[in-house]
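A.B. asks: Sequence isn't available, so here's the structure alone:
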């Protein structure tokens, strides 16, 4: 995986968007903030889907926006994103999906797949054909949480905990909520 000039792996006590806690956090924004690294990463992820026909790439805001765009650019297809409004993932900004359109869903990091599943649900409501899911980092522990094929550039094993079982909480270490839902 291209890491370039970035510091993707963060150490501390983090509340993940899945609700689980972890001592490590993958902040792909540190990679994607460099246009050359974002482009190379998008090209590498797009190559993993070379044998699949794709009409459109979609990603969840906020983490999936840049990498979805770069994958779409590499595949020479349009890109859209879904975003939360009042806690619900929605297609806004005039984005439309046609019935039967072949859509690849792209995210930066997948742990439980919750945000991606919401995007897939939106697309399937519109009768799109979701042909696959891709991410920069796979934190699923080897379990594909989707019905569609799932490919990632890098598999990373980082332990996470239910909040009630978190050893960092038990030690009194303050928790940080990074990412788009935590605004850090």
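C.D. replies: On my side now, so go ahead. Quick caveat, the model's predicted, so the values are computed rather than measured. Numbers count the residues shown, from 1 in each chain.
A.B. asks: buried ones in stretch 45-52?
C.D. replies: Within stretch 45-52, the residues scored as buried using 16 or more other CB atoms under 10 Å are 45, 46, 49. For the C-beta atoms, the positions are set from N, CA and C on the backbone; glycine is no exception.
A.B. asks: Between the two ends of it, how far is it?
C.D. replies: Start and end residues of stretch 45-52 are separated by 13 Å (CA to CA, to the nearest Å).
A.B. asks: what separates that stretch from the chain centre, distance-wise?
C.D. replies: From the chain centre to the centre of stretch 45-52 is a distance of 17 Å (CA atoms, centre = their mean, to the nearest Å).
A.B. asks: Just the mean pLDDT for it, thanks.
C.D. replies: For stretch 45-52, mean pLDDT rounds to 96.
A.B. asks: wait, residue 135 sits on residue 106?
C.D. replies: Yes. The pair residue 135 / residue 106 is scored as a contact, 6.9 Å apart, by CB atoms under 8 Å.
A.B. asks: Between the two, which contacts overlap?
C.D. replies: 45, 67 (CB atoms under 8 Å, 6 or more residues apart in numbering).
A.B. asks: who has more neighbours, the two?
C.D. replies: residue 106 (31 against 27; other CB atoms under 10 Å).
A.B. asks: quick one: secondary structure of the closest residue in space to the more buried one that isn't next to it in sequence?
C.D. replies: In space, and not counting its chain neighbours, residue 106 is closest to residue 68: 4.1 Å by CB to CB, 6 or more residues apart in numbering. Local secondary structure at residue 68 is given as helix here, using DSSP: H, G, I helix; E, B strand; the rest coil.
A.B. asks: Offset the numbering so it begins at 681, please.
C.D. replies: Sounds good: first residue 681 from here, last item residue 748.
A.B. asks: check contacts around residue 748.
C.D. replies: Residue 748 neighbours (CB under 8 Å, 6+ apart): 737, 738, 739, 759, 761, 785, 786, 787.
A.B. asks: Dihedrals phi and psi, the first one?
C.D. replies: Just to be clear, that refers to residue 737. In terms of degrees, to the nearest 10, the main-chain angles of residue 737 are phi -110, psi 140.
A.B. asks: That one bridge partners, please.
C.D. replies: residue 759, residue 784 (DSSP bridges).
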